[in-house]
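Engineer: pasting a predicted model and its sequence here:
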Amino acid sequence: MQNDIQEILYSSEQIQNKVKELGELLTRDFEGRNPLVICILKGAFIFMADLVKEIRTPLEIDFMAVSSYGQSTKSSGVVKIIKDLDVSVEGRDVLIVEDIIDSGLTLSYLVDVLERRNAKSVTIVTIFDKPARRTVGLEADYKGFVLPDAFVVGYGLDYAERYRNLPFIGILKPEVYEKKNT
Ligand code: PRP
Ligand code: MN
Ligand code: MG
């Protein structure tokens, strides 16, 4: 599995340090607001678990599963809700936890959904950002690392459902996905 990685961009330790920093900022900013912290499955599951341990103020969590990429390396542009929230966001300060913002389509769709459901506020935290690929005007309120325009996997991010369990973020060797597409 590690053999399929061309280059490690950020090590597990670098990521953990960044998560701690983000946790401190969020603790300060969400103190006394009892935020509803929403993990966007599947990609954000590892970041979510690491991050909430670093937010030292009461909060609630919920999960939403959406998918726009499927088995491909390109976004289909159509966002599907596979699993919706269990609780209402009405009047809540919502914190969306995402692994990566690429085109921005997934989150612009979700922010819209949550605002239409009358969330009091919608805040975005992402551990990775790929601004070069943005097709819609969407920015995270908090972000960890800015990544180059390469196909990355690990720390929750997959290619065809694999590599999510790598503890670091790295660039996938092109021959791994070129093989599949031919
Ligand atoms: C990936 C990633 C983000 C989204 C970012 O999810 O986890 O949720 O794409 O891309 P965008 O900004 O272009 O919308 P994916 O749809 O692959 O589902 P997954 O989290 O289950 O892997
Ligand atoms: Mn995702
Ligand atoms: Mg994916």
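Structural biologist: Happy to help now that I have it. Ligands and ions are numbered 1, 2, ... in the order given.

Engineer: and the helices in the protein?
Structural biologist: Secondary structure of the chain (DSSP state H): helices at 12-30, 45-52, 105-116, 174-181.

Engineer: out of those helices, which is the most enclosed?
Structural biologist: Using mean count of other C-beta atoms under 10 Å, the stretch among those with the largest mean neighbour count is helix 45-52, at a mean of 20. Heads up, the C-betas are built off the backbone N, CA and C, glycines and all.

Engineer: list the helices and strands that helix packs on?
Structural biologist: Judged by 3 or more C-beta pairs under 8 Å, 6 or more residues apart in numbering; DSSP states H and E, helix 45-52 is in contact with helix 12-30, strand 36-41, strand 93-101, strand 121-129.

Engineer: who wins for proximity to ligand 3 among the helices of the chain?
Structural biologist: Taking C-beta to the ion, helix 105-116 is the member of the helices of the chain nearest to ligand 3, at 9.7 Å.

Engineer: okay, now Glu98: neighbour count?
Structural biologist: By other C-beta atoms under 10 Å, 24 other residues sit near Glu98.

Engineer: beta partners for the closest residue to it other than its chain neighbours?
Structural biologist: Among residues not flanking Glu98 along the chain, Thr126 sits closest, at 4.4 Å (C-beta to C-beta, 6 or more residues apart in numbering). Beta-bridge pairing of Thr126 under DSSP bridges involves Glu98, Lys143.

Engineer: tell me the pLDDT at Thr126?
Structural biologist: At Thr126, the model reports a pLDDT of 98.

Engineer: what's the neighbour count on it?
Structural biologist: Here the number of neighbours of Thr126 (other C-beta under 10 Å) works out to 24.

Engineer: rewinding a little: format the helices and strands packed on helix 45-52 as CSV; extra columns: distance to Glu175.
Structural biologist: Below are the helices and strands packed on helix 45-52 laid out as CSV (distance: least, C-beta to C-beta, whole Å):
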stretch, distance to Glu175
helix 12-30, 25
strand 36-41, 29
strand 93-101, 22
strand 121-129, 23
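
Engineer: so can I have JSON lines of the ones you listed showing distance to ligand 1?
Structural biologist: Listed next are the helices and strands packed on helix 45-52 as JSON lines, based on distance: least, C-beta to the nearest ligand atom, whole Å:
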{"stretch": "helix 12-30", "distance to ligand 1": "15"}
{"stretch": "strand 36-41", "distance to ligand 1": "5"}
{"stretch": "strand 93-101", "distance to ligand 1": "5"}
{"stretch": "strand 121-129", "distance to ligand 1": "9"}
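
Engineer: could you dump those to JSON lines with distance to ligand 3?
Structural biologist: Shown next, in JSON lines, are the helices and strands packed on helix 45-52 (distance: least, C-beta to the ion, whole Å):
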{"stretch": "helix 12-30", "distance to ligand 3": "18"}
{"stretch": "strand 36-41", "distance to ligand 3": "10"}
{"stretch": "strand 93-101", "distance to ligand 3": "9"}
{"stretch": "strand 121-129", "distance to ligand 3": "12"}
